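Novice: Output the structure for:
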Amino acid sequence: MQLKFSYFGAGAGAGGRRVAAQPGTLRPGGRTARVRDSVLAALQATLSETRYRDVTVEQVAQRAGVAKTTVYRRWGSIEGLVLDLMRDLSDTRIPVPDTGDLDTDLHGLARGIVAIYQDQAIRAVIGAVVAAAEHIPEARQTLTEFFAGRTAQAAVIAERAIARGDLPSGTDPVEVIRMMAAPFYYRMFITGEPIDTDVADRAAATALTAARAGVLVTGAQQGVRGTRSANP
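Specialist: Numbers count the residues shown, from 1 in each chain. Next up is the predicted model:
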């Protein structure tokens, strides 16, 4: 599926051609902000009930209580709405466990991620952007920023473990989270398999084992560990 963009009402681009600001890049206040919030809430509610490919601007506008011309003028299309909602999701923080035990924290995080993606609306939004990212730079940028932000938030779990001595020095905290989360996205967007707590627990255990074994030590620290292993 390829997203098609037709945004309205921006400034002049190269050669005097009118080009549009990306939806969601401007955050107005007052009534305009309330309209935006209402429309995005209506989109999310609709996505929880309807397949993405069947959602229309008219449905969302009616649910939000605004004219469809308002939606077209600001977002241009359902795809523009989806990218704006994705950016809103990027601004939210995810619950990051802090029990003082790496095993418990990773399992808690993995189960929390699975719980989030059992929300059909959230899966539909991310799935649409994943599908578009191969062809549309705006979608790729939005997707990259979304996952980079999520991973950075969760990496504090591994950072605390390194500080406590629960993981080898030089372990890449971001790679710990990436390894844990990768099975979820493979199932959701490649094979279409379901994700559940069993998948979450296996993913957490795999990432934990790899991290403790030093597999995720990076850069110069990896060379230091190899030297120490060869010269006990």
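Novice: what's the weakest-modelled helix or strand in this structure?
Specialist: Ranked by mean pLDDT, DSSP states H and E, the helix or strand of the chain with the weakest confidence is helix 219-230, at a mean of 49.
Novice: For the chain, give me the ranges with low pLDDT.
Specialist: Applying pLDDT under 70 to the chain picks out residues 1-31, 219-232.
Novice: what about the helices in the chain?
Specialist: Applying DSSP state H to the chain gives helices spanning 30-47, 57-64, 68-75, 78-91, 102-117, 120-133, 137-154, 156-164, 173-186, 197-212, 219-230.
Novice: for the third one, which positions count as buried?
Specialist: This means helix 68-75. 70-72, 74-75 (16 or more other CB atoms under 10 Å). Using the backbone N, CA and C atoms, a C-beta is placed for each residue, glycine as well.
Novice: Phi and psi next, for G100.
Specialist: Per-residue torsions, G100: phi 90, psi 0 (degrees, to the nearest 10).
Novice: could you measure it against G108, distance?
Specialist: 12 Å (CB to CB, to the nearest Å).
Novice: Need the nearest residue in space to D103, chain neighbours excluded.
Specialist: Using CB to CB, 6 or more residues apart in numbering and skipping residues adjacent in sequence, the residue nearest D103 is L208, 5.9 Å away.
Novice: thinking again about what came up before, out of G100 and G108, which sits in the more crowded spot?
Specialist: Neighbours per residue (other CB atoms under 10 Å) separate G100 from G108, with G108 holding more: 19 against 11.
Novice: which residues does that one contact?
Specialist: 97, 99 (CB atoms under 8 Å, 6 or more residues apart in numbering).
Novice: do you know how far it is from A203?
Specialist: From G108 to A203 the distance is 12 Å (CB to CB).
Novice: same deal with F147?
Specialist: 16 Å.
Novice: Looking at these two, which is more packed in?
Specialist: Taking other CB under 10 Å, F147 and A203 do not tie; A203 has more neighbours (25 against 16).
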